[in-house]
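[1] Below: sequence and its predicted model.
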2 protein chains.
Amino acid sequence: MVGRARSAPSDPAAGNGHGPGPSRRIPEATVARLPVYLRSLVEAAEARITTISSERLAELAGVNAAKVRKDLSHLGSYGTRGVGYDVELLLFHVSRILGLTRDRGVVIVGVGYLGHALANYRGFSARGFRVRALVDADRAKVGERVGGLVVRHLDELGVIISGEDVAIGVVATPAAAAQDVADRLVEAGVRSILNFAPVLLTVPEGVSVRKVDLSIELQILSFYQQRHLADAVLGPAPDVAESTSAAPARR
Amino acid sequence: MVGRARSAPSDPAAGNGHGPGPSRRIPEATVARLPVYLRSLVEAAEARITTISSERLAELAGVNAAKVRKDLSHLGSYGTRGVGYDVELLLFHVSRILGLTRDRGVVIVGVGYLGHALANYRGFSARGFRVRALVDADRAKVGERVGGLVVRHLDELGVIISGEDVAIGVVATPAAAAQDVADRLVEAGVRSILNFAPVLLTVPEGVSVRKVDLSIELQILSFYQQRHLADAVLGPAPDVAESTSAAPARR
DNA sequence: GTTTGTGAACCACTTCACAGCC
DNA sequence: GGCTGTGAAGTGGTTCACAAAC
């Protein structure tokens, strides 16, 4: 999702591979899994587990153990052979790599049903994301109180972002407004955008966009469901099996 | 996300490559992009464009032209050399492959803020997804009217699913309830689940799960933002450049 | 004995580059 | 001349399998 041009072979920020500090380039696929490991580690810590093997962590995260080890090896060498990983230590390093040691301000643009849901979502604060402002283009909504915040007008975006230390912009507007909102966010200095509108946002280099599109997810499910039905009718191929992101078992 | 164990080389459902009907196995990555092409094609059709090149479609979809051609070639040979693709024809075939020619019933489980947002989301019906029922475990919410539907109790799930022709279940409950809800959906015959709860769902083989996790997306953005800041401080490597899912330009 | 960390093999996907067809 | 469809090459990611470390 977030593309990243590779840097030159001589990376000045490259670490030594086991000391503190981020080591080398972390693959995109690994980055996308770190939050999943983080969640599993938090669960383990809450269950008073102090040490965890790649095998067990893989199970909790729904991936394969070799992948866990390779992923974690990109962060440094924080495991102990014959023992496993110290949960608290790993928790700390994964958080650090993800940049979760400092809080990050979030502004939500668009206070429709989705904006309401996001403004009231508890999961954000748990990981250090603070919703600092709600903004809407509709003056009728300005002044309304939602999730402990007062809705402000879109035109104030610039002031809000510089004043409130906002790092991430969430676009929860209709498709037609999304590009304009993204432009304003970028203009105001936001370099990370989470887009819920079903449109392709165009942003300058250096700005990261991730998109969440309900309708696309349903269409993908529809494809596999249809194909599954076809298999059932025609008879599946000798070893056909459909599994899931959730079910690591691929036999 | 939706894993798919490869079938044996001798696939009985394999087509001939250009006639009607689905041809061979379509790569997962391609499936995930088809909805994006579909959206671009709808836009083109609305703009009265009758023919489109892979170049132009790539631009609209935010990918590279060779990828568009390879992706579309998996569906069959629906373009004309020297001309491009007929928009309506391609629209039809992409819809067909995705299984969007028939409507699909959706049940939303969990009528909190997110459930409300989903129940009122317009984007569903446009692609043939019909929200047929809303369900919640909280009896206080049962009977409430949301988005034109009356909330029913979770215990009625089985009856609702068989009675209303529901193909897809959307889990919009708190994390703690999600696995139980998924089990009930599967039990009732649902084979496609869209999960918004921040937990790993375990489902039997043959059931597809796709997950949408807000908090994970924010954490990924956080990683790239932090890394970006580090670059700025240390000075980027000679040809470092950060781009986006939205910006195909990778120079 | 157990479990990590990692080369090497493997696989899926992307991109190139051009033959084939309009 | 223009654009698709596709082998071939390239890239990134996964999985295997085992030596090293406890």
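    Received, thanks. Numbers count the residues shown, from 1 in each chain, chains lettered A, B, ... in the order given.

[2] going forward, measure contacts between C-alpha atoms and count neighbours the same way
    OK.

[3] And the contacts of the top strand by length along chain A?
    Identified as the longest strand of chain A according to DSSP state E is strand A:129-136. The contact list for strand A:129-136 (C-alpha atoms under 8 Å, 6 or more residues apart in numbering or on different chains) reads A:103-111, A:119, A:124-125, A:142, A:149-154, A:157, A:160, A:164, A:166.

[4] Now the buried members of the residues you listed.
    A:104-111, A:119, A:124, A:142, A:151-154, A:157, A:160, A:166 (16 or more other C-alpha atoms under 10 Å in any protein chain shown).

[5] Let me know whether stretch A:88-97 sits next to chain B.
    Yes - residues of stretch A:88-97 contacting chain B under C-alpha under 8 Å from any C-alpha of the partner chain: residue A:97.

[6] Likewise for stretch A:214-227?
    Yes - Stretch A:214-227 is in contact with chain B by C-alpha under 8 Å from any C-alpha, via A:215, A:216, A:217, A:218, A:219, A:220, A:221, A:222, A:223, A:224, A:225, A:226.

[7] wait, isn't the last one in contact with residue B:101?
    No - with contact taken as C-alpha atoms under 8 Å, residue A:226 and residue B:101 are classed as non-touching, separated by 10.6 Å.

[8] In terms of neighbours, single out the busier of the two.
    A side-by-side neighbour count of residue A:226 and residue B:101, using other C-alpha atoms under 10 Å in any protein chain shown, places residue A:226 first with 17 against 14.

[9] who's in contact with that one?
    By C-alpha under 8 Å, 6+ apart, residue A:226 lies in contact with B:98, B:99.

[10] What of residue A:184?
    Counting by C-alpha under 8 Å, 6+ apart, residue A:184 touches A:157, A:158.

[11] in what helix or strand does it lie?
    helix A:175-187 (DSSP states H and E).

[12] which of the residues in that helix are buried?
    Buried-residue list, helix A:175-187, by 16+ other C-alpha under 10 Å: A:175, A:178, A:179, A:181, A:182, A:183, A:184, A:185, A:186.

[13] Spit out the contact partners of the first one.
    Read that as residue A:175. A:197, A:198, A:199.

[14] where's it relative to residue B:50, distance?
    Residue A:175 sits at a distance of 23 Å from residue B:50 (criterion: C-alpha to C-alpha, to the nearest Å).

[15] Kindly report the same for the last one.
    Distance of residue A:186 to residue B:50, given as C-alpha to C-alpha: 35 Å.

[16] Same check on the fifth one?
    Here the distance between residue A:182 and residue B:50 works out to 30 Å (C-alpha to C-alpha).

[17] Run through the helices of the stretch 101-250 of chain A in chain order.
    A:113-119, A:123-126, A:157-164, A:175-187, A:214-234 (DSSP state H, counting those that start in this stretch).

[18] near chain B, which of the contacts of strand A:129-136 show up?
    Within the contacts of strand A:129-136, those near chain B by C-alpha under 8 Å from any C-alpha are residue A:124.

[19] Which of the contacts of strand A:129-136 fall within strands?
    Short answer: these in strands (DSSP E) are A:104, A:105, A:106, A:107, A:108, A:109, A:149, A:150, A:151, A:152, A:153, A:166.

[20] Run through the residues of chain A sitting next to DNA strand D.
    A:6, A:27-30, A:63-64, A:66-67, A:70, A:80-83 (C-alpha under 7 Å from any atom of the strand).

[21] Out of these, who's the most crowded?
    Of the residues of chain A next to DNA strand D, with other C-alpha under 10 Å as the count, residue A:63 tops at 20 neighbours.

[22] quick one: that one is in a helix?
    No - read with DSSP: H, G, I helix; E, B strand; the rest coil, residue A:63 is coil and lies in no helix.

[23] now it: how far from residue A:40?
    Counting by C-alpha to C-alpha, the gap from residue A:63 to residue A:40 is 12 Å.

[24] Isn't residue A:153 up against residue A:137?
    Yes - using C-alpha under 8 Å, residue A:153 makes contact with residue A:137 at a distance of 5.8 Å.

[25] Could you show which parts of the stretch 51-200 of chain A are in contact with chain B?
    So far as C-alpha under 8 Å from any C-alpha goes, the stretch 51-200 of chain A lies against chain B at A:60-62, A:97-100, A:113-114, A:116-118, A:120, A:123-124, A:127, A:191-194, A:200.

[26] rerun that using 7 Å as the cut-off
    A:62, A:97, A:98, A:99, A:113, A:114, A:116, A:117, A:123, A:124, A:192, A:200 (C-alpha under 7 Å from any C-alpha of the partner chain).

[27] could you flag which of the residues you listed are buried?
    Here, 16+ other C-alpha under 10 Å leaves A:62, A:97, A:98, A:99, A:113, A:114, A:116, A:117, A:123, A:124, A:192, A:200 buried among these.

[28] Relative to DNA strand D, which of those residues is nearest.
    DNA strand D lies nearest to residue A:62 out of these, by C-alpha to the nearest atom of the strand, at 10.2 Å.

[29] And that closest one, its phi and psi?
    With angles defined as degrees, to the nearest 10, residue A:62 sits at phi 80, psi 30.

[30] Low-confidence bits of chain A, can you list those?
    Within chain A, the segments meeting pLDDT under 70 span A:1-23, A:231-251.

[31] need the residues of it near DNA strand C, please.
    A:52-55, A:66, A:69-70, A:72-74, A:76-85.

[32] Buried ones only from those, please, as a ChimeraX command.
    The ChimeraX selection below is limited to those of these classed as buried (16+ other C-alpha under 10 Å):
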select /A:52,53,54,55,69,72,73,74,76,77,78,79,84,85
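
[33] In strands only, show me the residues of chain A next to DNA strand C.
    Per DSSP E, these map to strands at A:52, A:79, A:80, A:84, A:85.

[34] Would you check which pair of those residues lies furthest apart?
    A:52 and A:80 (10.2 Å; C-alpha to C-alpha).

[35] circling back to that earlier point, tell me the one among the buried residues of helix A:175-187 nearest to chain B.
    Proximity to chain B was ranked across the buried residues of helix A:175-187 by C-alpha to the nearest C-alpha; first place goes to residue A:175, at 10.0 Å.

[36] Who's the closest spatial neighbour of the closest one, skipping the chain neighbours?
    Spatial nearest neighbour of residue A:175, excluding adjacent residues (C-alpha to C-alpha, 6 or more residues apart in numbering or on different chains): residue A:197 at 5.0 Å.
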